[in-house]
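# Build me a model from this:
(4 chains)
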Number of protein chains: 2
Amino acid sequence: MHEPVDLLKAISDHGRLRILKLLETRSLCVCEITEIIGLATSTISSHLNLLKNSRLIEDEKDGKWINYRLASPADPLFAQLWPLISKRLELDPVVAADKKKAAQVDRYKICGNGK
Amino acid sequence: MHEPVDLLKAISDHGRLRILKLLETRSLCVCEITEIIGLATSTISSHLNLLKNSRLIEDEKDGKWINYRLASPADPLFAQLWPLISKRLELDPVVAADKKKAAQVDRYKICGNGK
DNA sequence: ATTATATTTCTAAGAATATCGAAATGAATG
DNA sequence: CATTCATTTCGATATTCTTAGAAATATAAT
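Sure, this is the predicted structure:
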């Protein structure tokens, strides 16, 4: 499971790349990520689980939320590849939009109470 | 099709990584690659086609053979990522075995006549 | 030209993946 | 302790991927 191909598979999904890019800036809870990315909660949860099993992210409880962040120390190969991929992703309009949303998102507003 | 995620998907397969690694040393024809990797010819052909469509490799006719080689100039992101991945792949025993086989393989012997 | 052969394309099967909604879990709040 | 709410798990479906063998293509050799 620490084969290069497994790492590559873990990051070969647009949704997961968007999640990793988000977590680059700051840690976020599942409902924040869900709100920003716009997929079903269960889908986001499954992506997070996959990234966690690949040791690319970690989680930590915070009251009623679970915050996810990039794993540290990072997987050695990921640490080498990610800065290059990350930079390239910034040209992606979807990723840029995600970043804007992330700057404004407030978990007290979006989680739970309807919208 | 020049999105980072498409490049990552193209290289997220052990067979395709093995092919890229082989072509790093020298260009090879389809039957040589097939002999070394040990998958069906049609499977190798389909991997080669995918890598070619992703602009990671190129082909060139050579008598009755078609030689494949790494594309040059390489895709910019691939050019950055590949040396890092390639180095890591050298720890893979399968990749090491491929390299040995590639050094010995002779297309006049293996192509066509039975074995 | 006929044959041999290297490669691709077609067809099909099985495995893996992405997705969602509903149900379950589990912790925090009142 | 009952309720609320964030998150995960389950069940189900649709899609994509990997693979192989057979048929088709095209080129070289005889």
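# mind listing what the residue nearest in space to the middle of chain A touches?
By CA atoms, centre = their mean, chain A has its centre lying nearest to A:Ile19, at 2.4 Å. Counting by CB atoms under 8 Å, 6 or more residues apart in numbering or on different chains, A:Ile19 makes contact with A:33, A:37, A:44, A:47-48, A:51, A:57, A:68. Quick note: C-beta positions are derived from backbone N, CA and C, even for glycine.
# Would you mind pulling the contact partners of stretch A:37-46?
A:15, A:18-19, A:22, A:30-31, A:33-34, A:98.
# How about A:Glu90: what's its closest non-neighbour residue?
A:Ala96 (6.8 Å; CB to CB, 6 or more residues apart in numbering or on different chains).
# would A:Arg16 count as being in a strand?
No: counting by DSSP: H, G, I helix; E, B strand; the rest coil, A:Arg16 is not part of a strand but helix.
# Could you check which helix or strand contains the nearest residue to it once chain neighbours are set aside?
Residue nearest to A:Arg16 in three dimensions, not counting chain neighbours: A:His47, with 5.2 Å by CB to CB, 6+ apart. Using DSSP states H and E, A:His47 maps to helix A:41-53.
# do the same with A:Ala74
A:Ala74 belongs to no helix or strand, assigned by DSSP H and E.
# Please give me every residue in contact with it.
A:56, A:82.
# repeat for A:Thr25
Applying CB under 8 Å, 6+ apart, the residues contacting A:Thr25 are A:99, A:102.
# Quick check, pLDDT for it.
We have a pLDDT of 97 for A:Thr25.
# Same question for A:Asp98.
98.
# Then A:Ile110?
A:Ile110 is given a pLDDT of 86.
# Pretty sure it sits against A:Ile36.
No: using CB atoms under 8 Å, A:Ile110 is not in contact with A:Ile36, being 9.2 Å away.
# Compare those two and say which one has the larger neighbour count.
A count of neighbours by other CB atoms under 10 Å in any protein chain shown puts A:Ile36 above the other of A:Ile110 and A:Ile36, at 22 against 16.
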